[in-house]
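Visitor: structure here, sequence nowhere to be found:
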């Protein structure tokens, strides 16, 4: 799904929320059904929300079995653990099924598969590569003692994360008598298996060609659910497929790192435009909504706050370049800070949870153009003197039409205006416009400018000639 499609989907979901809220998302519920769920793509907050809500629905309907169809490259550790807690604490048997052909249960998907009461795969699928990944600094040079110490600290932290993941996945494998040694190997070495190899090594329970084959093979199988033995009965039961509802779909859109990043920038731009042009309303309203959505998304995502700070610093520097030109120093520094902050914003290397470099480059260039050129031009235009309207007359010279002491008329720009002065003026005398009250100009006589004196002097010169 393209970014534009995701953005349009978010808008459609927002505008249609009342319709979804008033309808029954899970229509035509039946008692004791087999509930089928699907995990497609990266596992994130929206996935865990969908699974949690679907399990609650399954309990309400007293479901006989929950089947989770899996095709995922992995995802966030926090979301994965929420899903596994739902599975391990479920009073309803859970079967995870890697399907269709060509699908995979990599990384987080492997943990979920091993946690389930039944682990099944379709031929030509795979699982494994369960090593946890996280962003870290570059490796320091061994020749530098200080850097060597930093490298040792990084290695210690990496070992802690790996050992925690190993203990976790071995516990999940032991829960249902599966191969713990291979589970550890999947974490430490990133090992992967095909469906056939996984069955041979006792990593999974069943290879099934389709859903019907899966139900047929697990019928009558004895499993343990919350420590109690239970025999599965799957023949003749209706299968009810629960798709993500509007809330889960909307959450899936806004927790996409690219969308959250774009929402944050739109929010910042909107507020800046509103503050620079008070009363515009639309930029402030749209910006506030987008910024709040972005902050909600970032709360659910693994965010590097140093990256966030660099983005805000970059925006501030570019705005500073627009207000106080510095021959590009602030602008260039702002763009650099903006790009670095955007790259390190997502504190994870989990599949599907990075910001696309093309999005970063596009918004970096757009931000530079908007703040340095467009906003700069708007500020310069705002500082220019007014060239039209009543304000333009202030500071201009006018000519008195008739003698008057306090109130009279003057001519300015070939127009006749009512004028007011504290000093008497004469016909033909030049006055300066100092201000206005309504449509009345406030004027003051210009020194050494007298209409009658000027006229009489001209007459004397003509007589002498």
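Guide: Sure thing, it's come through. The shown structure was predicted, so the numbers you read here are calculated from the model rather than taken from an experiment.

Visitor: C-alpha only now, for contacts and for neighbours.
Guide: Fine.

Visitor: show the contacting residues for residue 402.
Guide: 408-410, 426-428 (Cα atoms under 8 Å, 6 or more residues apart in numbering).

Visitor: my bad, should have said residue 62
Guide: Neighbours of residue 62 in contact, by Cα under 8 Å, 6+ apart: 31-33.

Visitor: now with 10 Å?
Guide: 30-34, 56, 91-92 (Cα atoms under 10 Å, 6 or more residues apart in numbering).

Visitor: so what's residue 93 up against?
Guide: Residue 93 neighbours (Cα under 10 Å, 6+ apart): 63-67, 87, 116-118, 223-226, 230-232.

Visitor: host element of the nearest residue to residue 274 once chain neighbours are set aside?
Guide: Distances taken as Cα to Cα, 6 or more residues apart in numbering place residue 284 nearest to residue 274, at 5.0 Å, with adjacent residues excluded. Using DSSP states H and E, residue 284 sits in helix 282-300.

Visitor: quick one: average confidence on that helix?
Guide: The predicted model assigns helix 282-300 a mean pLDDT of 86.

Visitor: can you tell me what sits against it?
Guide: 44-46, 78-79, 251-257, 259-275, 277-278, 281, 301, 303-304, 345-346.

Visitor: again, only this time at 7 Å
Guide: 45, 254-255, 260, 263-264, 266-271, 273-274 (Cα atoms under 7 Å, 6 or more residues apart in numbering).

Visitor: what's the helix or strand that that helix is followed by packed up against?
Guide: Remark: after helix 282-300, the chain's next helix or strand is helix 305-323, criterion DSSP H and E. If you count contacts as 3 or more Cα pairs under 7 Å, 6 or more residues apart in numbering; DSSP states H and E, helix 305-323 packs onto helix 329-343, helix 375-383.

Visitor: got a list of what residue 271 touches?
Guide: 283-284, 287-288.

Visitor: quick revisit: got a ChimeraX select line for the buried ones in the contacts of residue 402?
Guide: A single ChimeraX command selects the buried members of those (16 or more other Cα atoms under 10 Å):
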select :408,409,410,426,427,428
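
Visitor: looking at the contacts of residue 402, which is nearest residue 106?
Guide: Nearest to residue 106 among the contacts of residue 402: residue 410, at 86.4 Å, using Cα to Cα.

Visitor: against residue 126, how distant is the residue nearest to residue 274?
Guide: As judged by Cα to Cα, to the nearest Å, residue 284 and residue 126 stand 49 Å apart.

Visitor: show the model's pLDDT score for residue 183.
Guide: 94.

Visitor: would you mind checking the contacts of residue 93 for buried ones?
Guide: 63-67, 87, 116-118, 223, 225, 232.

Visitor: could you check the angle helix 282-300 makes with the helix or strand where residue 264 lies?
Guide: Assigned by DSSP H and E, residue 264 belongs to helix 257-276. Calculated by axes from the mean of the first three to the mean of the last three Cα atoms, to 10 degrees, helix 257-276 forms an angle of 140 degrees with helix 282-300.

Visitor: may I see the buried residues of helix 257-276?
Guide: In helix 257-276, counting by 16+ other Cα under 10 Å, buried: 257-274.

Visitor: now that helix: average pLDDT?
Guide: Here the average pLDDT along helix 257-276 is 84.

Visitor: tell me the angle it makes with helix 305-323.
Guide: With the same axes, to 10 degrees as the basis, helix 257-276 and helix 305-323 are set at 40 degrees to each other.

Visitor: of residue 284 and residue 126, which one has the most company?
Guide: residue 126 (25 against 22; other Cα atoms under 10 Å).

Visitor: and the more buried one, bridged to which residues?
Guide: residue 104, residue 194 (DSSP bridges).

Visitor: and it, how far from residue 97?
Guide: In terms of Cα to Cα, residue 126 sits 11 Å off from residue 97.

Visitor: now swap in residue 179 and tell me
Guide: The separation that residue 179 has from residue 97, given Cα to Cα, amounts to 18 Å.

Visitor: neighbour count: the two, which is higher?
Guide: residue 97 (28 against 18).

Visitor: redo the contacts of residue 62 as JSON lines? Include pLDDT.
Guide: Formatted as JSON lines, these follow (pLDDT from 0 to 100):
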{"residue": "30", "pLDDT": "61"}
{"residue": "31", "pLDDT": "70"}
{"residue": "32", "pLDDT": "81"}
{"residue": "33", "pLDDT": "90"}
{"residue": "34", "pLDDT": "92"}
{"residue": "56", "pLDDT": "93"}
{"residue": "91", "pLDDT": "93"}
{"residue": "92", "pLDDT": "94"}
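
Visitor: can you list which of those are found in strands?
Guide: Mapping the contacts of residue 62 onto strands (DSSP state E) picks out residue 34.

Visitor: keep only those of the contacts of residue 62 that are in helices.
Guide: residue 56 (DSSP state H).

Visitor: name the nearest of the contacts of residue 62 relative to residue 330.
Guide: Nearest member of the contacts of residue 62 to residue 330, counting by Cα to Cα, is residue 56, at 53.5 Å.

Visitor: what is the burial count for the closest one?
Guide: 13.

Visitor: could you measure residue 321 against residue 217, distance?
Guide: 69 Å.

Visitor: more crowded one of those two?
Guide: Neighbours were counted for residue 321 and for residue 217 using other Cα under 10 Å; residue 321 has more, 25 against 14.

Visitor: list the contacts for the closest residue to residue 238 other than its chain neighbours?
Guide: Using Cα to Cα, 6+ apart and skipping residues adjacent in sequence, the residue nearest residue 238 is residue 33, 5.2 Å away. By Cα under 7 Å, 6+ apart, residue 33 lies in contact with 63-64, 237-240.

Visitor: apply 6 Å and report the result again.
Guide: Shown in contact with residue 33 (Cα atoms under 6 Å, 6 or more residues apart in numbering): 63-64, 237-239.

Visitor: next, find the distance separating it from residue 105.
Guide: 25 Å.

Visitor: what does residue 307 give?
Guide: Looking at residue 307 against residue 105, where the rule is Cα to Cα, the gap reads 31 Å.

Visitor: in terms of neighbours, single out the busier of the two.
Guide: For residue 307 versus residue 105, the count of surrounding residues by other Cα under 10 Å is larger for residue 105: 29 against 21.
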